[in-house]
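Undergrad: Here is the input, now give the coordinates:
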Amino acid sequence: MPNYQDVTKYRQKRFRHFEELIAPILAIKDKVRIIDIGGTRGYWDLASDELKKRMSITLVNYEVALNLKRVENDLLDVEYHEGDGCDLHDFADGSFDLAHSNSVIEHVRSLSNTARFADEMRRVGNAYFVQTPYLWFPYDPHYRMLFIHWLPRATRIMLTQRFNFGIGRKGHVSYMEALDRVEGVELIDKTMMRAFFPDGTMRSERFALFTKSVMVTRPYTNN
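TA: Okay, the predicted model is just below:
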């Protein structure tokens with residue numbers, strides 16, 4: 001299964017697709033304005049120093065003080081905004097050149113919230129880039145286990161109560177804590193992604209013969 005080096009390799013390759021998406025914007029603008037929904041500062045270290053100087057990033061998270069890497073003498077223009085990706089009412093339609101989300105949409109806790117998240121991405125961004133782990137890949141990166149995400153919810157709750165799954169997870173937790181963890185991940189398949197992002201183009205990210213994750217993009221239009 002993918003290890004840390006694999007994850008880094010996939011992120012770098014994924015970021016190249018993102019750079020292709022913003023190239024037409026930078027051809028006509030000095031800076032590209034990006035909203036990163038649920039993202040962190042550290043993710044953007046994938047960009048070159050030259051590219052960092054040409055991006056203005058708004059990071060939207062529930063708690064801006066948590067998991068947001070601050071960098072001394074940062075080349076990036078970064079703004080931290082506390083908010084909910086399912087309700088970006090603070091931002092007008094088309095406020096950003098591009099809306100970005102990497103491995104976040106599967107954490108919004110229900111498919112109805114997933115639809116709202118997708119609608120908000122499409123609304124505030126002229127272009128968008130969204131990536132999520134694929135439901136039918138046999139390994140779940142959240143549980144760090146094979147096949148467990150295909151089991152019935154009640155079974156996943158029971159196993160989460162009793163065993164150590166994923167990063168920083170401990171076994172022998174209460175039912176309510178296990179329920180919260182299980183409901184915190186809702187993996188998506190390609191049919192769902194096409195429904196949520198009907199105006200986007202889908203690309204599969206592969207591991208061996210399997211689709212590991214999916215990306216959907218919509219290019220920038222100079223209205």
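
Undergrad: Tell me how this structure divides into domains.
TA: The chain is divided into the following domains under automatic domain parsing: 4-136+187-218, 143-184.

Undergrad: Mind putting these into JSON lines with mean pLDDT and mean neighbour count?
TA: Any C-beta I mention is one placed from the backbone N, CA and C, and that applies to glycine too. Listed next are the domains of the chain as JSON lines, based on pLDDT from 0 to 100; neighbours: other Cβ atoms under 10 Å:
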{"stretch": "domain 4-136+187-218", "mean pLDDT": "91", "mean neighbour count": "17"}
{"stretch": "domain 143-184", "mean pLDDT": "86", "mean neighbour count": "14"}
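
Undergrad: In the protein, what residue spans correspond to helices?
TA: Ranges of helices in the chain, per DSSP state H, are 4-26, 49-52, 111-124, 153-162, 175-183, 190-196.

Undergrad: what would the ones you listed look like in TSV with distance to Pro138?
TA: Output for the helices of the chain, formatted as TSV (distance: least, Cβ to Cβ, whole Å):
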stretch	distance to Pro138
helix 4-26	15
helix 49-52	35
helix 111-124	22
helix 153-162	15
helix 175-183	18
helix 190-196	16
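
Undergrad: okay, which residue is most central for this protein?
TA: The centre of the chain sits closest to Asn102, judged by Cα atoms, centre = their mean, with a distance of 2.3 Å.

Undergrad: now for the helices of the chain, which one comes closest to His89?
TA: In terms of Cβ to Cβ, the element of these nearest to His89 is helix 111-124, at 8.9 Å.

Undergrad: hey, C-alpha coordinates of that closest one in CSV?
TA: Taking Å, rounded to 0.1, in the frame of the first residue of the first chain, the C-alpha atoms of helix 111-124 are listed here in CSV:
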residue,chain,number,x,y,z
LEU,A,111,-23.6,13.5,1.1
SER,A,112,-25.9,16.4,1.4
ASN,A,113,-23.0,18.4,2.9
THR,A,114,-20.8,17.1,0.1
ALA,A,115,-23.2,18.6,-2.5
ARG,A,116,-23.2,21.9,-0.6
PHE,A,117,-19.4,21.9,-0.5
ALA,A,118,-19.2,21.3,-4.2
ASP,A,119,-21.8,24.0,-5.0
GLU,A,120,-19.8,26.5,-2.9
MET,A,121,-16.5,25.6,-4.6
ARG,A,122,-18.2,26.1,-8.0
ARG,A,123,-19.8,29.4,-6.9
VAL,A,124,-16.8,31.3,-5.4
